[in-house]
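Peer 1: Got a sequence here, can you model it:
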Amino acid sequence: MTFSVQRAGLWKRISAFLFDAILLGIAAVLLALCLSAALGYDGYLGTLNAAYEKYGAEYGVDFSLSLSEYDALTGDENERLREAYAALGADEAAVRAYNMMIRLTAAITAMSLLLAFAILEYAVPLLMKNGQTLGKKIFSLGLMRADGVRVSATALFIRTFLGKYAIGTMVPVFILLMLYFGSIGLAGTIVLLGLAVLQLTLLLATYYHTPVHDLLAGTVEIDLPSQMIFESREALIAYKEKVHAEKAAAQPY
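Peer 2: Here you go, the predicted structure:
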């Protein structure tokens, strides 16, 4: 039997990805709630909300105006809103609470996703062997190096933390957070679109339709039941030499 890569089917890959993404999201949310409680996020949120209520009542304004409602403000209402924002900006406690909320939002998001990836995308595949997440296990998929050798802890680390977590998740997440808080504009949108185009190009143009994380780690998703996986490069070479010798022996002279 000759060795070949038994590439996992597209729909099975998508199904496993969606299952793992749902589990990852649930784990990240639960971890974020725990971190929020530990780091006192709700306290800063309460301080900021109290400041909004105080200055909103004092100046007779609503800080939660929609864009259309803001455009409909009269000159006097617009002036009172500017004065309320100026008073809010001069409130040291409110400003500190706002700044802490931004920092904690970024930190909690990064830490909760990191822990979720570490558990579900690194520790579980190491325990289950062949790079299998729970989703891959259900759909009989696995991982191996592109040359047919069993995926190592190092390759899985690169795939999980550099590829999937850092580039595939945190870069887009931080750009979206900065867009939400108004800290970045057109540049962030361009970078986000660039990453999307890169992923799509790799999926369409590479031989195995390889996403960024598999390209970095030199891995490939496989149909596990039908795939030969070798323990080492030496074992792969020995197998190929054996197959070659068997073919040569079978040739008529």
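Peer 1: dump the residue contacts of Leu39.
Peer 2: Taking CB atoms under 8 Å, 6 or more residues apart in numbering, we find Leu39 in contact with 104, 107-108. Quick note: C-beta positions are derived from backbone N, CA and C, even for glycine.
Peer 1: how near is it to Lys12?
Peer 2: Distance, Leu39 to Lys12, using CB to CB, to the nearest Å: 40 Å.
Peer 1: And for Thr109?
Peer 2: For Thr109, the distance to Lys12 equals 30 Å [CB to CB].
Peer 1: can you give me the helices for the stretch 101-250 of the chain?
Peer 2: Along the stretch 101-250 of the chain, counting by DSSP state H, counting those that start in this stretch, helices occupy 124-128, 134-138, 153-157, 171-180, 186-205, 212-217, 233-250.
Peer 1: Any idea how many residues pack against Leu134?
Peer 2: Using other CB atoms under 10 Å, Leu134 has 15 other residues around it.
Peer 1: residue ranges with poor pLDDT in the stretch 101-250 of the chain?
Peer 2: 179-209 (pLDDT under 70).
Peer 1: which residues does Glu221 bridge with?
Peer 2: Beta bridges link Glu221 to Leu143 when assigned by DSSP bridges.
Peer 1: if I look at it, how far off is Gln251?
Peer 2: Distance, Glu221 to Gln251, using CB to CB: 36 Å.
Peer 1: ok now stretch 87-103, how far from the chain's centre?
Peer 2: 29 Å (CA atoms, centre = their mean, to the nearest Å).
Peer 1: Could I have the CA atoms of it written out in CSV?
Peer 2: C-alpha atoms of stretch 87-103 as CSV (Å, rounded to 0.1, in the frame of the first residue of the first chain):
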residue,chain,number,x,y,z
ALA,A,87,-18.3,67.6,33.3
LEU,A,88,-18.0,63.8,32.9
GLY,A,89,-14.5,64.3,31.5
ALA,A,90,-13.5,66.3,34.5
ASP,A,91,-14.7,63.7,36.9
GLU,A,92,-11.5,61.8,37.8
ALA,A,93,-13.4,58.8,39.2
ALA,A,94,-15.5,58.4,36.0
VAL,A,95,-12.5,58.8,33.7
ARG,A,96,-10.5,56.3,35.7
ALA,A,97,-13.4,53.8,35.6
TYR,A,98,-13.7,54.3,31.9
ASN,A,99,-10.0,53.7,31.3
MET,A,100,-10.0,50.7,33.5
MET,A,101,-13.0,49.2,31.7
ILE,A,102,-11.1,49.5,28.4
ARG,A,103,-8.0,47.9,29.8
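Peer 1: Contacts for that stretch next, please.
Peer 2: Under CB under 8 Å, 6+ apart, the answer for stretch 87-103 is 41, 44-45, 47-48, 51-52, 55, 58-59, 63, 181.
Peer 1: mind putting those residues in a markdown table, neighbour count and distance to Asn130 included?
Peer 2: As requested, those are exported to a markdown table (neighbours: other CB atoms under 10 Å; distance: CB to CB, whole Å):
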| residue | neighbour count | distance to Asn130 |
| --- | --- | --- |
| Tyr41 | 19 | 39 |
| Tyr44 | 21 | 44 |
| Leu45 | 16 | 44 |
| Thr47 | 18 | 50 |
| Leu48 | 20 | 48 |
| Ala51 | 19 | 54 |
| Tyr52 | 17 | 53 |
| Tyr55 | 21 | 59 |
| Glu58 | 12 | 63 |
| Tyr59 | 19 | 63 |
| Phe63 | 15 | 53 |
| Phe181 | 13 | 41 |
